[in-house]
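J.: Sequence first, predicted coordinates after that:
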Amino acid sequence: MPGTDDRLRRLRITLTAFFALDGFVFAGWVVRIPAIKQQTGASAGTLGLALLGVSAGAVVTMMLTGRLCRRYGSHPVTVVCSVLLSLSVALPPLTHSALSLGLVLLLFGAAYGGLNVAFNSAAVDLIAALRRPIMPSFHAAFSLGGMTGAGLGGLVAGSLSPTRHLLGLTLIGLLVTAVAGRALLRCEVPVPAAEQPSDTAPRRLDTRTRRMVAVFGLIALCTAYGEGAMADWGALHLRQDLDASPGVAAAGYTCFALAMTAGRASGTRLLERLGRSRTVVFGGGTAAIGMLLGSLAPSVWATLIGFAVTGLGLANLFPVAVDRAGALAGPSGVATASTFGYGGMLLGPPAIGFLAEWTSLPTALTSVAVLAAVATVIGVTTG
């Protein structure tokens, strides 16, 4: 029906706004970490412990958010978590110790993790109604929001204090939430035409379904491990091992992020052409080859190309994993896959560090290729 198509289109636009806002706010916080470190007087070690508050808050909250989405619906939970995220991002500049910063970041991480589960759950419902694999387009909006937030943060860092900058993010976040949230709350949760009302009731998952959700969670973990490793260690590899200039070293992650955004923007067409299993196989294989090049190549430009290829390969693995887990088990499936993913992002940077101490940084970075290959094998076996 034309009216139904218009309603689903409006819902897609609204959810895209929330994905973009999430990336925008989070990136705006990340670029001010150096200034917050100076303000709190934290050492590198204590700052690292404080920053774990983001991941800890997110992981702890994700499973709870899945249950809240089942009880109250993903749309209201999305709006509430977006408000909390917007408010909590203004708190870090008000802290003056690593302990208080860590406690504040627990709240920020809880809101961030809850929002991710809620809007991904809403996206899974929309995908089922549209019968199109559009999840990568939402994650492309998140990536674009993140790049915009990081770029804007870099521009205003010299003229605005962290307090004013992050308070500005709060105001922008609340404004976007007020507009998009009002539209989202007016949208009914879409139900596929072929689905009977009784099918929407909460159901006990059988063992096979739980295992499949865990498998897709493992794919999310492999992907997020690579993202975390690239964010924290890519520039250092270029600078330390290949003697790249600081500007070129910083461009390493930019190449990765731009390629990932481009891959997600074209992900829907790729999924429609190849299907989910072959997309995972193709993406994992591409990322494995790209990371082997990026970690072991003797030249800067070959490494940059390798980082870009890795970004293209990893781009759609996480969206596919969350989509399939949500289709199998609803919000609890999204929560499980997201928790696995955050576990991978939390595990990646320190694992690379330990491996680099035992061997070397280039060798340690090949672990990203190994896990991408694991995702490829999973794609083959689940196809």
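T.: Okay, I see it.

J.: what's the longest helix in this protein?
T.: Using DSSP state H to assign secondary structure, the helix with the most residues in the chain is helix 317-358.

J.: And the following helix or strand past that helix, what does it pack against?
T.: Per DSSP states H and E, the first helix or strand lying C-terminal to helix 317-358 is helix 361-382. The helices and strands touching helix 361-382, judged by 3 or more C-beta pairs under 8 Å, 6 or more residues apart in numbering; DSSP states H and E, are helix 207-236, helix 276-296, helix 300-314, helix 317-358. Quick note: C-beta positions are derived from backbone N, CA and C, even for glycine.

J.: Need phi/psi at residue 359.
T.: When quoted as degrees, to the nearest 10, the phi and psi of residue 359 stand at phi -120, psi -100.

J.: Number the chain from 723, please
T.: All right, first residue 723 from here; so that's residue 1081.

J.: Can you read off the pLDDT for it?
T.: pLDDT, residue 1081: 89.

J.: Kindly report the same for residue 868.
T.: Here, the pLDDT recorded for residue 868 equals 87.

J.: Going by secondary structure, it is in what exactly?
T.: Using DSSP H and E, the secondary-structure element containing residue 868 is helix 857-878.

J.: Give me the buried positions along that helix.
T.: The neighbour-count criterion (16 or more other C-beta atoms under 10 Å) identifies 857-869, 871-872, 874-875, 878 as the buried residues of helix 857-878.

J.: Could you export it as PDB, keeping only the C-alpha atoms?
T.: Only the C-alpha atoms of helix 857-878 are listed here, as PDB (Å, rounded to 0.1, in the frame of the first residue of the first chain):
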ATOM      1  CA  MET A 857      21.200  -2.600   7.700                       C
ATOM      2  CA  PRO A 858      24.500  -1.500   6.100                       C
ATOM      3  CA  SER A 859      23.000   1.900   5.100                       C
ATOM      4  CA  PHE A 860      22.200   2.600   8.800                       C
ATOM      5  CA  HIS A 861      25.800   1.800   9.800                       C
ATOM      6  CA  ALA A 862      27.100   3.900   7.000                       C
ATOM      7  CA  ALA A 863      25.100   6.800   8.600                       C
ATOM      8  CA  PHE A 864      26.800   6.000  11.900                       C
ATOM      9  CA  SER A 865      30.200   6.100  10.200                       C
ATOM     10  CA  LEU A 866      29.400   9.400   8.400                       C
ATOM     11  CA  GLY A 867      28.200  10.900  11.700                       C
ATOM     12  CA  GLY A 868      31.400   9.800  13.400                       C
ATOM     13  CA  MET A 869      33.600  11.300  10.600                       C
ATOM     14  CA  THR A 870      31.600  14.600  10.800                       C
ATOM     15  CA  GLY A 871      31.800  14.700  14.600                       C
ATOM     16  CA  ALA A 872      35.600  14.000  14.600                       C
ATOM     17  CA  GLY A 873      36.200  16.600  11.800                       C
ATOM     18  CA  LEU A 874      34.100  19.300  13.600                       C
ATOM     19  CA  GLY A 875      35.800  18.500  16.900                       C
ATOM     20  CA  GLY A 876      39.200  19.000  15.300                       C
ATOM     21  CA  LEU A 877      38.200  22.300  13.900                       C
ATOM     22  CA  VAL A 878      36.800  23.700  17.200                       C
END
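
J.: packing partners for it?
T.: Other helices and strands packing on helix 857-878, by 3+ C-beta pairs under 8 Å, 6+ apart, are helix 724-752, helix 820-852, helix 884-908, helix 968-987, helix 989-996, helix 1039-1080.

J.: Put together JSON lines for those helices, with distance to residue 938 and mean neighbour count on each row.
T.: Below are these laid out as JSON lines (distance: least, C-beta to C-beta, whole Å; neighbours: other C-beta atoms under 10 Å):
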{"stretch": "helix 724-752", "distance to residue 938": "19", "mean neighbour count": "19"}
{"stretch": "helix 820-852", "distance to residue 938": "12", "mean neighbour count": "24"}
{"stretch": "helix 884-908", "distance to residue 938": "26", "mean neighbour count": "17"}
{"stretch": "helix 968-987", "distance to residue 938": "17", "mean neighbour count": "19"}
{"stretch": "helix 989-996", "distance to residue 938": "14", "mean neighbour count": "17"}
{"stretch": "helix 1039-1080", "distance to residue 938": "4", "mean neighbour count": "23"}
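
J.: Next, format these as a markdown table and append distance to residue 1018.
T.: Putting the helices and strands packed on helix 857-878 into a markdown table (distance: least, C-beta to C-beta, whole Å) gives the following:
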| stretch | distance to residue 1018 |
| --- | --- |
| helix 724-752 | 28 |
| helix 820-852 | 33 |
| helix 884-908 | 39 |
| helix 968-987 | 15 |
| helix 989-996 | 27 |
| helix 1039-1080 | 14 |
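
J.: looking at those, which is closest to residue 1017?
T.: Judged by C-beta to C-beta, the one of those that comes nearest to residue 1017 is helix 1039-1080, at 10.3 Å.

J.: Verify the stated contact: residue 947 with residue 1070.
T.: Yes - with contact defined as C-beta atoms under 8 Å, residue 947 reaches residue 1070; the gap is 4.1 Å.

J.: Touching both of the two, which residues are there?
T.: Shared contacts of residue 947 and residue 1070 (C-beta atoms under 8 Å, 6 or more residues apart in numbering): residue 1090.

J.: what's the helix or strand for residue 882?
T.: Element membership of residue 882, judged by DSSP H and E, is empty: it is in no helix or strand.

J.: Let me see the contact set for it.
T.: Under the criterion of C-beta under 8 Å, 6+ apart, the contact list for residue 882 reads residue 890.

J.: go on, the one 5 residues further on?
T.: Listed by C-beta under 8 Å, 6+ apart, the contact partners of residue 887 are 750, 754, 875, 878, 879.
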